[in-house]
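S.K.: quick one, fold the following:
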Amino acid sequence: MYSSGSLTPLQLIDRSRQGLSGTETGRVAELLGVTDKEMARLLNQSVATFHRQVKILQLDAATSERLLLLTRLATYGSTVFQDKGKFTRWLRRPLRLLSDRSPLDLLDSSTGVQLVEDILGRIEYGVFS
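M.R.: As a prediction, the model looks like this:
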């Protein structure tokens with residue numbers, strides 16, 4: 001197991017290139033409180049492909065990077081909200097700031113992950129509007 005929250009950007013790249021175990025997909029889904037279907041969408045995969053990936057010993061770099069970024073986001077969100085449940089409920093809540101889309105709707109792209117991390121930073125420092 002790893003903690004992507006403590007990885008530097010270069011370490012994250014190196015770890016992505018090494019490839020994570022397929023079992024990490026289920027662990028990250030649990031951290032985010034999402035279903036297999038939702039997790040497959042976040043990884044830009046079909047549900048069938050997602051289920052096959054769980055059995056793979058070493059995931060490709062792109063999937064590994066996405067899992068590391070999502071782990072970092074989940075860790076940060078749970079810290080900001082001081083509760084995993086509050087964070088996972090917030091992920092599903094439509095936000096005016098996101099044109100009434102939920103943060104979860106944006107996590108299928110690295111730009112969306114960054115945007116959600118930025119919003120969490122605003123919440124953490126009390127400047128969320």
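S.K.: show me the contact partners of the longest helix anywhere in the chain.
M.R.: Looking across the chain with DSSP state H, the single longest helix is helix 61-81. Helix 61-81 is contacted by residues 2-5, 7, 12-13, 15-20, 24-25, 28, 31-32, 42-43, 45, 53, 59, 84, 87, 90-91, 107, 110, 113, 116-117, 120, 123-124 when judged by Cβ atoms under 8 Å, 6 or more residues apart in numbering. In this view, the C-beta of every residue, glycine as well, is placed from N, C-alpha and C.
S.K.: just the residues you listed: which are in strands?
M.R.: Judged by DSSP state E, strands contain none of those.
S.K.: how much space between the closest residue to Ser16 other than its chain neighbours and Leu12?
M.R.: Closest residue in space to Ser16, ignoring its immediate chain neighbours: Glu65 at 3.8 Å, by Cβ to Cβ, 6 or more residues apart in numbering. The gap separating Glu65 from Leu12 is 7 Å, by Cβ to Cβ, to the nearest Å.
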